[in-house]
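Engineer: this one's sequence-less:
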């Protein structure tokens, strides 16, 4: 089974990074077009992505303030936050990509998406920039 990991460092405290992800207002400032509710363990929220005209029901799993956020949507996503010298190390793991070339192609697309997530999160938290560079034309493929 293919699994992906995207990791980066954001020059903000873990509390700020955590709140930016679990808050529907903040999440829709850098990642989604709309988020129906805050991320609360055991709930299902709906995320809409306007640039690709897609809506996902997201089952929220474990959450530990300033440290851990998990969900299923169809993959299993884990975001770990670690405080490092006034900054936050963010590690995003997504499991259940599938097998063979189909799983690899999904992993390529999701890697692209999670890299965008981290860059957009940084732009939002550090510079107050909303949804920079969001496009429905960007593609990645295995050939």
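Structural biologist: Cool, got the structure. Since this is a predicted model, take the numbers as computed values, not measurements.
Engineer: other SSEs contacting the longest strand along the chain?
Structural biologist: Longest strand in the chain, counting residues (DSSP state E): strand 54-64. Counting contacts by 3 or more CB pairs under 8 Å, 6 or more residues apart in numbering; DSSP states H and E, strand 54-64 packs against strand 44-49, strand 68-72. All C-beta atoms are positioned from the backbone trio N, CA, C, and that covers glycine.
Engineer: Point out the most buried one among those strands.
Structural biologist: For the helices and strands packed on strand 54-64, average neighbour numbers computed from mean count of other CB atoms under 10 Å are highest in strand 68-72, which has a mean of 18.
Engineer: tilt between it and strand 54-64?
Structural biologist: Angle between the axes of strand 68-72 and strand 54-64 is 140 degrees (criterion: axes from the mean of the first three to the mean of the last three CA atoms, to 10 degrees).
Engineer: so what strands line up beside the longest strand of the chain?
Structural biologist: Based on DSSP bridges, the pairing partners of strand 54-64 within the sheet are strand 44-49 (antiparallel), strand 68-72 (antiparallel).
Engineer: For it, what is the distance to the chain centroid?
Structural biologist: Its chain's C-alpha centre lies 10 Å from the corresponding centre of strand 54-64 when counted by CA atoms, centre = their mean, to the nearest Å.
Engineer: The residue nearest to residue 72 when sequence neighbours are not counted: neighbour count?
Structural biologist: Counting by CB to CB, 6 or more residues apart in numbering, the nearest residue to residue 72 once its immediate chain neighbours are dropped is residue 59, at 4.5 Å. Residue 59 is surrounded by 14 other residues when neighbours are defined as other CB atoms under 10 Å.
Engineer: and if you look at residue 127?
Structural biologist: By other CB under 10 Å, the residues close to residue 127 number 9.
Engineer: max-length helix in this structure?
Structural biologist: For the chain, the longest helix by residue count, based on DSSP state H, is helix 100-127.
Engineer: No further questions, thank you.
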